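Visitor: Sequence first, then the predicted structure, then my questions.
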Amino acid sequence: MNSADFEGFPGPGPYGLDLPVGDDPLSTLSKKGYLALRDGLLDEAQDLFTELLALDAHNNYALVGLGDLCRKRGDYERATGYYQDCLRVSPGNNYALFGLADSYKAMGIFQKALEIWQKYLEHDADNITVLTRVGDAFRKVRNFQGSKSTYLKVLQLEPDNPYTLIGLGHLYFDFKDYREALRCWERMEHLDPKGVDIRVLTSLGNCHRKLKSFEKGIPYFLRALDEHPENFYALFGLADCYRGLNRSQEALDTWNKLLSLDPNNKVILTRAGDSLRALDRLDEAEINYRAALKIEYDQYAVLGLALLQKARKDYTAALDTLNGVLNNDSGNQRLYQELAECYLALGQKDEARRILTEFQKRGQNNPYINDLMARLR
């Protein structure tokens, strides 16, 4: 155990508490209990806190200590009971408030966690640890403005707070503001270029994926893989960047690395099939698509099969397959384009016009489809 195990607990003391001074039995039991808790001796800590409660049924140190102990064991519901017992006797006890809020957070009850942390801030308005948690909780309940304003307050108090920069980056990313997310995570990189966390590296790469600046995303995923060669997210991001740049062989090599780690992943099987199709290795691509469909229906695997049929000039079969996908995904622009091209290959211009008109009636805009429609007119 080391101090890093207890990051996030506010205040001084061996376990985030101002322990009682003195050698009386209550003080001695309190100190021994928290030292045992700090050292991970949970059974010993439980015995000491239970003994303390037998002497003083409403002892704040024992109640908070038992709550913290239950949290370390992952028994968050029981932890909330101890913190609530403490708060009935001492409504403003910061440590019980902190523990109770963190327990609600761990259980995914973010609204309750927010209410408790806000009570905490009434006593300690500039506590960075708590403010960061409030920003995180607002983000979890999709309150963009509440989350953003809380994170920005932390950055006023501590401009390079890493947890806040990470949280703010995720907030922007969740709301599809990828450029602002990129700025937050780039600040993280500048703080410690050599020791940047792998999650920050993959997040930076993912921003570039979303912005379609694939070339800039690749170095981040490669740096992440230097540290963890089998990291799923880094491999997926790297393969997707290669795919976006039409570097099909490199994409295939990376998809295959992922399949060696997770051979029954239908998404990866389909993506590998797409790369094989782009390399004109059609029979191998079909094997991948059908393997994906054996696991579970996947419209992208079915689309891949349709494009294989089209590549083999089996336009009638491709039309049947594409129309089946269209029934499940009528907003997919690619389907209308592929259908029109198959109809044209069969000399069915009226059908091609019909499917393109159907697309345009949906109010969508696609330059290629608009141009194709103009030529058909």
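Guide: Perfect, I can see it now.

Visitor: Would you map the strands across the stretch 101-250 of the chain?
Guide: In the stretch 101-250 of the chain, no strands are defined using DSSP state E, counting those that start in this stretch.

Visitor: need the helices for it, in chain order.
Guide: 110-123, 128-140, 144-157, 162-174, 178-191, 198-210, 214-227, 232-244, 248-261 (DSSP state H, counting those that start in this stretch).

Visitor: Could I get the buried residue list for the fourth one?
Guide: Buried residues in helix 162-174, counted by 16 or more other CB atoms under 10 Å: 162, 163, 164, 165, 166, 167, 168, 169, 170, 171, 172, 173. Placement of C-beta: from N, CA and C, glycine included.

Visitor: Name the surrounding residues that touch that helix.
Guide: 128, 132, 135-136, 139, 142, 144, 147-148, 151-152, 154-155, 158, 178, 180-182, 184-185, 187-188, 191, 199-200, 203, 206-207, 210 (CB atoms under 8 Å, 6 or more residues apart in numbering).

Visitor: where does this protein dip in pLDDT?
Guide: Counting by pLDDT under 70, the chain shows low-confidence ranges at 1-23.

Visitor: Of all residues in it, which one is nearest the centre?
Guide: Central residue of the chain (CA atoms, centre = their mean): residue 170, 8.1 Å from the mean position.

Visitor: which stretch of helix or strand covers residue 96?
Guide: Residue 96 is part of helix 94-106, with elements assigned from DSSP states H and E.

Visitor: Remind me what that helix packs against, helices and strands.
Guide: Packed against helix 94-106 by the contact rule (3 or more CB pairs under 8 Å, 6 or more residues apart in numbering; DSSP states H and E) you find helix 60-73, helix 76-89, helix 110-123, helix 128-140.

Visitor: Of the buried residues of helix 162-174, which is the nearest to residue 338?
Guide: When the buried residues of helix 162-174 are ranked by distance to residue 338 (CB to CB), residue 173 comes first, at 31.5 Å.

Visitor: I'd like to know how far that closest one sits from residue 255.
Guide: If you measure residue 173 against residue 255 using CB to CB, to the nearest Å, the figure is 24 Å.

Visitor: which ones are touching the closest residue to residue 333 other than its chain neighbours?
Guide: Distances taken as CB to CB, 6 or more residues apart in numbering place residue 366 nearest to residue 333, at 5.0 Å, with adjacent residues excluded. Residues near residue 366 by CB under 8 Å, 6+ apart: 333, 336, 337, 359.

Visitor: Next step: those residues restricted to helices.
Guide: Of those, the ones assigned to helices by DSSP state H are 333, 336, 337, 359.

Visitor: and the residues you listed, which are buried?
Guide: Buried residues within those, defined by neighbour count using 16+ other CB under 10 Å: 336, 337, 359.

Visitor: In a markdown table: the residues you listed, plus distance to residue 277.
Guide: Shown next, in a markdown table, are those (distance: CB to CB, whole Å):
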| residue | distance to residue 277 |
| --- | --- |
| 336 | 20 |
| 337 | 16 |
| 359 | 24 |
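
Visitor: Sort out which residues of stretch 58-78 are buried, please.
Guide: Within stretch 58-78, the residues that qualify as buried are 59-71, 76, counting by 16+ other CB under 10 Å.
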